[in-house]
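In: Quick one, structure for this:
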Amino acid sequence: MKKATQRERVLLALKRHPRVSVVDFLAPAVIDGLAPIVRLAARINELRDEGYAIEDAGRVNGCASYRLAPTTESAEPVPASVHLFDPRAGSNHRRPHWQEDAA
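Out: Residues are numbered from 1 along each chain as shown. The predicted structure is shown next:
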């Protein structure tokens, strides 16, 4: 099984969540349960260069957050062969920032 690139992981997070920020990709609470991504802005710029419409979505804990523009919903999905975190397997990481208020 192919290991997901940082770009693929960021794109998948953007598709699954209303917004993401670097806080979501920092250890120990990485949003997808994999290794941290400390240069999120660089990955966002690479995705924009590939043609994805990614908008700035304000700030979270002083860090920029991003979301897919509504026109990107039909974008190519991340290949199924890419290994990603399986949420059904359980995890010990914190809840994403957009779910903290719902608890």
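In: where along the chain do the helices fall?
Out: Remark: helices assigned in the chain by DSSP state H are 6-16, 40-49.
In: Would you mind pulling the contact partners of stretch 18-28?
Out: 10, 13-14, 17, 30-31, 36-38, 40-41, 57-61, 63-67, 93, 96-98 (CB atoms under 8 Å, 6 or more residues apart in numbering). Every C-beta, even on glycine, is put in place using the N, C-alpha and C of the backbone.
In: redo that, cut-off 6 Å
Out: With CB atoms under 6 Å, 6 or more residues apart in numbering as the test, stretch 18-28 has contacts from 13-14, 31, 36-37, 40, 57, 60-61, 63, 65-67, 98.
In: buried set for it?
Out: Arg19, Val20, Ser21, Val22, Val23, Asp24, Phe25 (16 or more other CB atoms under 10 Å).
In: average pLDDT across that stretch?
Out: Averaged across stretch 18-28, the pLDDT comes to 91.
In: Please work out how many residues are found near the nearest residue in space to Val10 that is not next to it in sequence.
Out: Excluding the flanking residues, the one nearest Val10 by CB to CB, 6 or more residues apart in numbering is Arg43, at 4.6 Å. Close neighbours of Arg43, defined as other CB atoms under 10 Å, add up to 20.
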